[in-house]
Every structure is written in C-alpha cells, then in structure tokens.
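Enquirer: Got a predicted structure plus its sequence, pasted below:
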Amino acid sequence: MIKIFMSKLFLIFFSATISMMKKYNITCPSGFPEFSPAEERVRQNWLAVIRGVFEKNGFLPVETPLVEREENLLAKGGNPKEMYVLKRVQDDDDTSHSGNALRFDHTVPLALYVARHLNELAFPFRRYSIGPVLRGERAQKGRFRQFDQCDIDMIGSGELSLLNDALVAVVIVQLFEQLNIGEFFVRINNRKILTGFFENLNIKSKDISAVMMIVDDLEKIGATKVLENLVKLGVKKDLAQEILNFTEISGTNEEIFKRLEQIKGGELFTEGVQDLKEVFSALSAMNVPENRVKLDLSIARGLDYYTGTVYETILTGYEGLGSICSGGRYDDLAEVFTGKKLPGVGISIGLTRLLSQLFDAKIIEPERSSPTEVLIITTSPDFMSNALEIGAKIRGMGFCTENYVEDKKLGKQFDYANKLGIPVCVVMGESEVEKGTVQIKNMTSGEQTEVTLEQLEKGLKNILK
RNA sequence: GCGGACGUAGCUCAGUGGUAGAGCAUCUGGUUGUGGUCCAGAUGGCCGUGGGUUCAAUCCCCAUCGUCCGCCCCA
C-alpha cells in the first residue's frame, strides 16, 4: 500500500517536472531529409555500387570541404539567393559572418581544388565526389535543401578529347545497369547543334540561351506551350514553328543523323553534328547498345555553362521523374581562379532526390531495417554465457549476428526480431544446453528445428542460402 | 522570392462556441520455453504560439512561427 502511494507521489512529481519542460519542435526542418534504417541501407548499397562504377572507370575520389569562401562560390555564377552562409550562433549581426558559405554543388569546389593543386595533378584529371550539398530553395516533393550529389568530371588542361564525352555516357549506362531499377536510356545532344541552328535562323545571340531553355521544356510543357513561349520571347511565329519541328525530329540515331545532314546550318552546327557523330561512333565501338543511348535534339539543359555534349537519363515508364542523371561538356571549369582554360565534361546524380522519388513511386522498396541475419535469444539469463559463445561462433561463420542480452520474455525477443526483419532466431534454453544443441527458427516460415552444433552452420545456410 | 492548403495524442486523422475522440503505435495482462493473429485494460493532449471578439475560444478574427503542395530554378 505504502509502495503504491509512494509511486503515485513519484508520478505526480515526475509529471510536474515534465510539464515544466520546454516544448521543443523536434520535426525535421523543411527540406532536410532523413532516412530510416531500412531506407538508409538501400542508400548505403547504392553508394557502394556508384563508387564501384566510378572507380572501375578510373575516377579518383576527392573530398572537398562542405564550406568554401563565399566570394569563391559566387565567382562562378552561384546564386546568392540559394546560398547558405556559415556563421556562429553568437554572430547575431547579419553582416558579420566568417565569410564562408556552404557549397551548393560539387563543381565549384572541384574548380577550387583543381586551382589549388594545378601543378600536382595528372591531366586529364578524372575525379569523383560524393556528398551532401545545400541549397536555400523552398522544399517540395523530391526537392530538398540538403541532398547528396554524386559527381564525376574529367578535366583537361587546355584540351580535352571528345572521346571523354563518350566515356562519361558509358559510366551512366553502367551505373543504371548495376543499380538495376529497370529500363532506362541516356538522351544525348550537343548544344553546338542547337546554337548553330538558332544562329542560322538569325536568332539574336543574346536570346539563344533563353530559346534553349524554352526548348528544353518541351517534354514538360508540350509543343503548344513551347511555341507560345517562343513567340512571347519575340521569335516570329514561323521561326518558332521551325525550331519546334527541328527539336521534334525523331527516329533511330542513324535516321536523325541523316536528317541532320540534309539541314543546312552554319559552321557551328556542322561542328556539333560532327562532334556528336564521333561520340556515337565511340559508343558503338564500346558496344553500348543502341537502345541505351538516344540522340535527342530537344534536350538542352537549363544551365548556361554547358557548351557541347549534354546528357539526360530517363527511366522508361517513369518519364515523369524527369532526368535522373544529367550533365554535359563545358569549356571552362576554373579560368577565374587559374587564368587557364580547363575544359571538362561531367555528370551528376542527385542521389537524395532520386531515392526519395523511387521510394515514393514504390519502384524500390526497402526490405529490412537490420543487417542482422541471426539473433540469438535465451529462455533465461542463466544461459547467457552459452548464448554469447554460440553468438561468437556464428559470427565467425560469417553471418551478421546479434545477441539479445536483455532479460525479457521470449515473446518480446521474437518481437524484436520481427520488428527488425531478422530472418533467423537461434534459441538457447535449458534442454539445449544440456543436450549441446540449439533451436533454429526460421522467422518467415515459423519452422523450427533442433540441431547439434556441428549441424548449425549448414542449418543456417539452408535458411539464409 | 511568389501562390495555395494545413498545424488537435508518438503517427495518421475526426470533432465541437461550454477546456476533447478514433485507428495505429507503446506498456501490462490473458501465456513462468516460442513471435507475427486475437481479446481485455492502461499510458498518453496548455487542440502550434501570441493577441482580439465573447460570460465562455481548440473552434470565430488578426498576427506570428512551422509544415506540406505548386511556381521560379534545379538534382
């Protein structure tokens, strides 16, 4: 009775303490993702595959800081509206911060890295970077303020062979073949073709990049809207129609090349067609299947700095996701920092966005939370040392193994295994200790067998195959 | 930066001008050596925050903060 009274008293005191506690908003800030263990395991596997493909193709890992000097990040056209600044909580004056800002991509940090180490690098320099970047945009579905980007770039000193553009496309193909999320293809175009074609139509050079951005939206907004937008920009109606007709040219790669030959364009146009031909013939030399790489005159990429080959990757059947891996060739990586021409070609996967979209669309479904394959449980703490011993033995066999060491009822221990999706429980109890056996329980089928220690490894292998 | 919606239990959400409810989750028991189903019970809420209207506000009004969706832009 007194005990009950005391515990009531304690409860009252305890809840009083709780009610005095500050109430914290513990939800994730908007746009900052978190992954559950099951999802994170998928992400980790992906990272391993991605890293593997990058290294198979000769790319070197480089880790650059999450933070760079603000003026450097801005030097290559970084958008100040989207940049976060690094400052201490104490620095409450808006104008006083360290002068450092958080990276919004891996390209500018690469430019800085190359500039710092220009004389030590072996060119062409192939590097990969995987890690989070931050953008101060408004979050929405599949659109984050912190996200992982996986980047590769090839940087040439002065020159960079066009064949690299084909090698980059091959990396994309390998990546998505190994990630195994279904059919996909890489759309490839060359901006010189578009620019040359537009120039030939006497589109003013200041409008060309705007026209390019409008055309790039073709798939998203449709032909009528594209026409409307072109006219709105000041392009004459018949010219706009001509542009649209051009970008809508379709067929096999060979057919499109044939059509391109019939079109009379300027010097740049012809150069672009030649470049693309070289890229495609390199691709076929590497036995890249035709259905994986598709010449597509409508892709342009929004970003201004692309000057040649551009890539987009589409998951067949999920065109709505947009491009899941894109990039292109650019003339200048770090001229502002080095005074040298450093052309490059690269691609980037927005891993966070891609995974979150794939999870949402149920294209991939995370399996289980825990890597544990075998959970050792006991009917009583009396047999814990036997259980620990067996646990160590099973771990030694190469299985991911975990001992449940809390003093809880068997039912609770099984619950734990179920909740984590652990496929096998090994039960250790009085009679097993006496007989020198254990019970192996298959948590999926519910089937349970008693085995000797000699039979244990085989028994586990049977279930876990 | 612009536009729209929404903030009620750990989660998903119902609800009413008279200080609150469901399902799921959690815990306990039914079961001192066998889980996923079932049954019973319990825990859990300054109804986002501040102000206004009112005898009375979780509800109406205003502000603020936060979240989501879309646009811009991009991954």
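Expert: Structure's in. What do you need?
Enquirer: Show me chain A divided up by domain.
Expert: Following automatic domain parsing, one gets these domains for chain A: A:31-88+A:97-181+A:328-367, A:184-315, A:374-464.
Enquirer: residues near A:Val108, how many?
Expert: Using other C-beta atoms under 10 Å, A:Val108 has 23 neighbouring residues. Any C-beta I mention is one placed from the backbone N, CA and C, and that applies to glycine too.
Enquirer: Which secondary structure elements does the helix or strand harbouring it sit against?
Expert: Assessed by DSSP states H and E, A:Val108 sits inside helix A:107-116. In terms of contacts (3 or more C-beta pairs under 8 Å, 6 or more residues apart in numbering; DSSP states H and E), helix A:107-116 is packed against strand A:67-69, helix A:70-75, strand A:125-134, strand A:146-155, helix A:335-338.
Enquirer: For the stretch 351-465 of chain A, what lies in contact range of RNA strand B?
Expert: With C-beta under 7 Å from any atom of the strand as the criterion, the stretch 351-465 of chain A comes near RNA strand B at residues A:352-353, A:379-380, A:409-412, A:414-415, A:417-419, A:427, A:429-432, A:439, A:441, A:443-446, A:448.
Enquirer: In strands only, show me those.
Expert: Assigned to strands by DSSP state E, the following of those qualify: A:427, A:439, A:441, A:448.
Enquirer: if we can go back for a sec, ok, of the residues of the stretch 351-465 of chain A next to RNA strand B, which come out buried?
Expert: The neighbour count (16 or more other C-beta atoms under 10 Å) marks A:352-353, A:379, A:414, A:417, A:427, A:429, A:432, A:439, A:441, A:443 as buried among these.
Enquirer: Enumerate every residue touching A:Val85.
Expert: A:70, A:97, A:100-102 (C-beta atoms under 8 Å, 6 or more residues apart in numbering).
Enquirer: So which of those is the closest to A:Ile130?
Expert: A:Ile130 lies nearest to A:Leu102 out of the contacts of A:Val85, by C-beta to C-beta, at 16.6 Å.
Enquirer: I figured that closest one hits A:Thr64, correct?
Expert: No: in this structure, A:Leu102 is not within contact of A:Thr64 by C-beta atoms under 8 Å, at 12.0 Å.
Enquirer: which residues of chain A score low on pLDDT?
Expert: A:1-23, A:91-97 (pLDDT under 70).
Enquirer: From A:Leu175, how far out is the residue nearest the centre of it?
Expert: Nearest to the mean C-alpha position of chain A, by C-alpha atoms, centre = their mean, lies A:Leu351 at 1.4 Å. Separation of A:Leu351 from A:Leu175 (C-beta to C-beta, to the nearest Å): 11 Å.
Enquirer: intersection of neighbour lists for the two?
Expert: With C-beta under 8 Å, 6+ apart as the test, A:Leu351 and A:Leu175 both reach A:Ile50.
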